[in-house]
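K.L.:
What follows is a predicted protein model with its sequence.
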Amino acid sequence: MNDKPLRLGTRRSKLAMAQSGQVADAVRRVTGRPVELVEITTYGDVSRAHLAQIGGTGVFVTALRDALLRGEVDFAVHSLKDLPTAQPEELVLAAVPVREDPRDVIVARDGLKLTDLPRGARIGTGSPRRMAQLNAYARGHGLDIETVPIRGNVDTRIGYVRSGELDAVVLAAAGLNRIGRGDDVTDFLPVDTVLPAPGQGALAIECAAGNADLIAALAELDDPFTRAAVTAERSLLAALEAGCSAPVGALADLPPLSAPLERGDPQADRQIVKEMRLRGVVGTTDGTTLVQLSTTGPVPQTHDRAVALGRGLAAEMLAQGAAGLMGERAH
Ligand SMILES: NCc1[nH]cc(CCC(=O)O)c1CC(=O)O
């Protein structure tokens, strides 16, 4: 047996360290090898500039990928939603593990839920996708809220609420759960209200394309349903030619059951594993216009079919004017 430690390249943020630590445990289990964490500082960690200003996608990812390409680390763990949709040829996503809760949540003062927020409440988020959908929801439901651009790590964001500067902030459930702050959530936003970012809640384990033994070992951590889902979501994003900072949401999951689920009902079980629903949304950040569409079909059994599912829905969204809602292109 090969006892040489596997080197896992990771960012130093609390979230990155938490998810790298969890994946390291899983990789130790399936490979029987020790795993050591190698900390890498990325431009996104250092820059104080607003993310939209440093621009482009994948600022958090480039330094990790460079370390992989230079052979300084054996694999890296990314939040899938931060990964650019273009895959470099020299690298492969060796595994996409089972997805965490994909929903966005709010952390609000006094335990408030979205619909309890008082008139004029200030909600912090740096994400045009979250702004667009929250503002659209507010318009449709007589809520009077103001979305306020913020950035920073999870602790910083929650700090704005604790200090009283903001009434609430929007975050991803998955990130809070991974750093053990799930109890701070005051409201889970239904995906019908705010569709998450493509890939949200999922991780990607990436390694060099030439590392066949490691790729084979890591395959055990792959969840085919999650992989098909995030492939469809990211293909939708790519086909809209939108970057990670575009107001685009997408989620592929199980379609609602046509009949109430009965435990062990073979009919319901078959429906669960066979079908996938893909939803996509794009809108203006003020929430005045949203294009929101969905499609349901068999769970894609190949990469190409998952890509086709995402592209197909993107084409329908473009036909309904999606391109005009995205504003300045990131690239
Ligand atoms: N944009 C930052 C980011 N990238 C990944 C997560 C955690 C959720 C995930 O893994 O999808 C977060 C924080 C957030 O959006 O609240």
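P.N.:
Nice, I can see it.

K.L.:
all contacts plus neighbour counts: C-alpha atoms, from now on.
P.N.:
OK.

K.L.:
where does the stretch 151-300 of the chain come near the ligand, residue by residue?
P.N.:
Residues of the stretch 151-300 of the chain lying close to the ligand (C-alpha under 6 Å from any ligand atom) are 171, 172, 174, 175, 200, 201, 202.

K.L.:
Any idea how many residues pack against the last one?
P.N.:
Pointing back at residue 202 there. Around residue 202 there are 22 other residues, counting by other C-alpha atoms under 10 Å.

K.L.:
Leaving out the residues flanking it, which one is nearest to it?
P.N.:
residue 99 (4.5 Å; C-alpha to C-alpha, 6 or more residues apart in numbering).

K.L.:
Tell me the spacing between the one you found and residue 173.
P.N.:
According to C-alpha to C-alpha, to the nearest Å, residue 99 stands 12 Å off from residue 173.

K.L.:
Same question for residue 153.
P.N.:
Counting by C-alpha to C-alpha - residue 153 and residue 173 are separated by 14 Å.

K.L.:
Of the two, which one has the most company?
P.N.:
Using other C-alpha under 10 Å, the more surrounded residue of residue 153 and residue 173 is residue 173, with 24 against 13.

K.L.:
Am I right that the more buried one is in contact with residue 182?
P.N.:
Yes: in this structure, residue 173 is within contact of residue 182 by C-alpha atoms under 8 Å, at 7.0 Å.

K.L.:
Now the stretch 1-150 of the chain against the ligand: closest residue?
P.N.:
Here the stretch 1-150 of the chain gets closest to the ligand at one residue, residue 79, 4.5 Å apart by C-alpha to the nearest ligand atom.

K.L.:
Can you flag which of the residues of the stretch 151-300 of the chain next to the ligand belong to helices?
P.N.:
Among these, the members falling in helices are 174, 175 (criterion: DSSP state H).

K.L.:
just to revisit the earlier point, need the overlap of contacts for residue 99 and residue 173.
P.N.:
Shared contacts of residue 99 and residue 173, defined by C-alpha atoms under 8 Å, 6 or more residues apart in numbering, are found at residue 201.

K.L.:
near the ligand, anything from stretch 118-130?
P.N.:
No: Stretch 118-130 stays clear of the ligand (C-alpha under 6 Å from any ligand atom), getting no nearer than 8.2 Å.

K.L.:
Buried residues, that stretch. List them.
P.N.:
121, 122, 123, 124, 125, 126, 127, 128, 129, 130 (16 or more other C-alpha atoms under 10 Å).

K.L.:
Can I take it that the third one is in a helix?
P.N.:
Just to be clear, that refers to residue 123. No: going by DSSP: H, G, I helix; E, B strand; the rest coil, the assignment for residue 123 is strand, not a helix.

K.L.:
residues touching it, list them.
P.N.:
By C-alpha under 8 Å, 6+ apart, the residues touching residue 123 are 145, 146, 147, 148, 166, 167, 168, 169, 170.

K.L.:
can I assume the fifth one sits in a helix?
P.N.:
Right, the one you point to is residue 166. No: per three-state DSSP, residue 166 lies outside any helix segment and is coil.

K.L.:
That one touches residue 160, doesn't it?
P.N.:
Yes: assessed by C-alpha under 8 Å, residue 166 is found in contact with residue 160 at 5.5 Å.
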